[in-house]
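>>> Okay, sequence plus prediction incoming.
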Amino acid sequence: MSLTSMHAVLLLALAGARGDAAAKSAGGNILFLMCDSMDGRVLDPTSPVAARVEMPHLRGLSARGVNFARTYVSAPQCVPSRTSMFAGRHTHEIKAWSNEQGLAGIPAGGLDKTCVKTWGAAICGAMAKEQNVTFTMLDVMRDVGYDFQVYGKVDIGAGITQDKTLAHPTASGYRGEALNIMTRTADIRRATKADPLTITNDRDNNVHPEDQAMIPRCVDFLKQKAEARGAGAARAPWMMYCSLNIPHPAFQTNATWLAKVDDSKVDVPTWLDEAAFHPADSYMSESKAVWRNYTEAEILKVRKTYYAMCAETDYLLGKVLTALDVHGFARDTWVVFLSDHGEMNMEHRQVWKNSMYEASARVPMIIAAPEGMPGVRRGAVVTNLTSLLDVLPTMVDIAQTDIARPIPTAAGGHWFPERLSGHSVLPFLSAEADAAAAAAGYPSGRSLMAQYHSNMGNTGSFMYRSGPWKYVAFGRHAYDATYTPQLFNVEEDPEELRDLAAARPDVAARLDAALRAVVDYEAVDREARANDLHLYKHWLQGKSRKAIQKSFEMTYSGFDAADMAKVDAWVANGGQ
């Protein structure tokens, strides 16, 4: 459906639901706050992780709204997660596989310039055709009448950073030609990142200047909107996307933020012997340069620094929340907060994200209705499984919800774009949440799927989350029998240390069948590997053997002739 057609359909839906064509503004403003790499457990009041750090502003937001404490990513890395969230569809459906490959096409027409600079127009044109993304959250919300502004990290491509009507978008969705992504399934077991201690600084008195500079821009947007309202300007609804890069590594903090961390609550995670690791996990640990033993003091230094960065994130976003109140927007503005993925923070001998373990795959998501809206819940914690794929349908739902009335508990009336993979979670904000969710068709006993196809993972991984269970299958198992599926009972084993796949083959088989009903994961893994190989062959063009070897040496620490032989064999075997 074209954006023009989408606009006409939605305006008809809005007019029918409310009785007047101008009522689209009754949906209220939206303050959309986002950060990067926040472990969802730090804001889950049912988790002991939440006691480790003070986060008064975001916990205050939770008290004003609903905390979706079991929210999962669709893909645990920046670009794949954010593209899926903005498009409302699974990674394998939009084929934005990795951090070197965001959305190549611009929904209104044309190609993302950073994609073209990275891969060339021919490849980007082919990518855009395969991805077939005809709208993003930005397009939909603008098209239904919202003044959508962007401040900070977007990281999806789709031409957003080249859109001159946007105030200050950063991160294009393309990281350049990345050998550690293209050749990940060649299984080169070398570090591609720095040792976490070398990127940890707990005495940095100039932390995160880029985020410190972005927040005043978000605050100024609210001030300008308030001034325009005071001057009698037309009051079309606005949506401000205000996004930070922290608490993304490197791990940098100082005494100000460390004072917000309760040292007594920060533990040393279970440090398994190397022989106990699944081969997919050992590859990640080796690639992340955590494949060695650390002292407890070293582990705690990294972990405390990360939690201190979460405290700083809370402080910075708190400035925007305060400005919302100061400028009189709290009564008619929805507030959304979430992160794109989590952070392993030395659990399972890992840092960064990329994994299906809880620290990486779970994220915070809080939604607060306008303070003046009747019939909504405040301070509720939802433990139903939810996903970042739910964000786009929820925003569309909000656009059609009159903030002067309770959330509807009768079926029908709201329109959604086609081909969305998620569900609106707006019904859970209703004071009659069960009735509203049932009326909206929210699936009872919902299960979730996530996947990963990027660097530091030498295989496609596919998570299926259902009830207390988490099942993880690996595409590499199709040609390497050691990559057996994993099964965890997350409720009984929150550290995910006891793989029950062998002990509970009945559960594993049931969840595998359910996963396959959502995605043919072996076929998708083949497709992602073929994409990697295609890009690698493009990268090879015109390079001498010596230049190729040098590039590998700069990518993989200690890369040698035996590793080059593995790469050659990987190419000869068609990317496996």
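All right, it came through fine.
>>> shouldn't Ile179 be in contact with Thr555?
No, residue 179 isn't Ile; it's Leu. Yes - between Leu179 and Thr555 a contact is recorded at 4.3 Å, counting by C-beta atoms under 8 Å. Bear in mind the C-beta positions are built from the backbone N, C-alpha and C, glycine included.
>>> where does the chain have low pLDDT?
For the chain, the stretches with pLDDT under 70 are 1-26, 411-412.
>>> go with 90
Regions of the chain meeting the criterion pLDDT under 90 cover residues 1-27, 175-176, 230-236, 408-415, 434-444, 576.
>>> still on that earlier bit, more neighbours: Leu179 and Thr555, which one.
Neighbour totals were compared for Leu179 and Thr555, and Leu179 leads with 22 against 18 (other C-beta atoms under 10 Å).
>>> next SSE after whichever strand or helix holds Asp397?
Using DSSP states H and E, Asp397 maps to helix 391-399. Per DSSP H and E, helix 391-399 leads on to helix 433-440 as the next helix or strand towards the C-terminus.
>>> Which other helices and strands does the following helix or strand past that next one contact?
Scanning forward in sequence from helix 433-440 by DSSP H and E, the next helix or strand is strand 448-452. The contact analysis (3 or more C-beta pairs under 8 Å, 6 or more residues apart in numbering; DSSP states H and E) places strand 448-452 against strand 386-387, strand 461-466.
>>> how big is the angle separating the last one from strand 448-452?
If I follow you right, that is strand 461-466. Counting by axes from the mean of the first three to the mean of the last three C-alpha atoms, to 10 degrees, strand 461-466 points 170 degrees away from the direction of strand 448-452.
>>> Isn't Cys218 up against Tyr151?
Yes - Cys218 lies in contact with Tyr151 (C-beta under 8 Å); the separation is 5.0 Å.
>>> okay, and the common contacts of the two?
Here Cys218 and Tyr151 have Met240, Cys242 as joint contacts, going by C-beta atoms under 8 Å, 6 or more residues apart in numbering.
>>> coming back round to it: format the helices and strands packed on strand 448-452 as CSV; extra columns: distance to Thr46 and mean neighbour count.
Formatted as CSV, the helices and strands packed on strand 448-452 follow (distance: least, C-beta to C-beta, whole Å; neighbours: other C-beta atoms under 10 Å):
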stretch, distance to Thr46, mean neighbour count
strand 386-387, 15, 25
strand 461-466, 16, 25
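>>> Turn the ones you listed into TSV, columns for distance to Asp273.
Listed next are the helices and strands packed on strand 448-452 as TSV, based on distance: least, C-beta to C-beta, whole Å:
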stretch	distance to Asp273
strand 386-387	34
strand 461-466	22
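>>> Out of those strands, flag the one nearest Ser98.
Nearest to Ser98, of all these, is strand 461-466, at 13.0 Å by C-beta to C-beta.
>>> Packing partners of the closest one?
strand 448-452, strand 469-474, helix 505-518.
>>> Which residue is the nearest non-sequential neighbour of the one residue sitting closest to the centre of the chain?
The residue lying closest to the centre of the chain (C-alpha atoms, centre = their mean) is Asp340, at 2.4 Å. What sits nearest to Asp340 in space, not counting adjacent residues and going by C-beta to C-beta, 6 or more residues apart in numbering, is Ser81, at 4.4 Å.
>>> Out of the helices and strands packed on strand 448-452, the one nearest Leu511 is which?
strand 461-466 (5.1 Å).
>>> Between helix 505-518 and that closest one, find me the angle.
Using the same axes, to 10 degrees: strand 461-466 against helix 505-518 is 110 degrees.
>>> picking that back up, now the helices and strands packed on strand 461-466 as a markdown table including distance to Arg59 and mean neighbour count?
Formatted as a markdown table, the helices and strands packed on strand 461-466 follow (distance: least, C-beta to C-beta, whole Å; neighbours: other C-beta under 10 Å):
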| stretch | distance to Arg59 | mean neighbour count |
| --- | --- | --- |
| strand 448-452 | 25 | 27 |
| strand 469-474 | 26 | 25 |
| helix 505-518 | 34 | 16 |
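>>> between those, which one is nearest to Pro56?
strand 448-452 (30.0 Å).
>>> Does anything pack onto the helix or strand hosting Met214? Which helices or strands?
If you go by DSSP H and E, Met214 is part of helix 209-230. Judged by 3+ C-beta pairs under 8 Å, 6+ apart, the packing partners of helix 209-230 are strand 147-153, strand 168-170, strand 238-243, helix 296-326.
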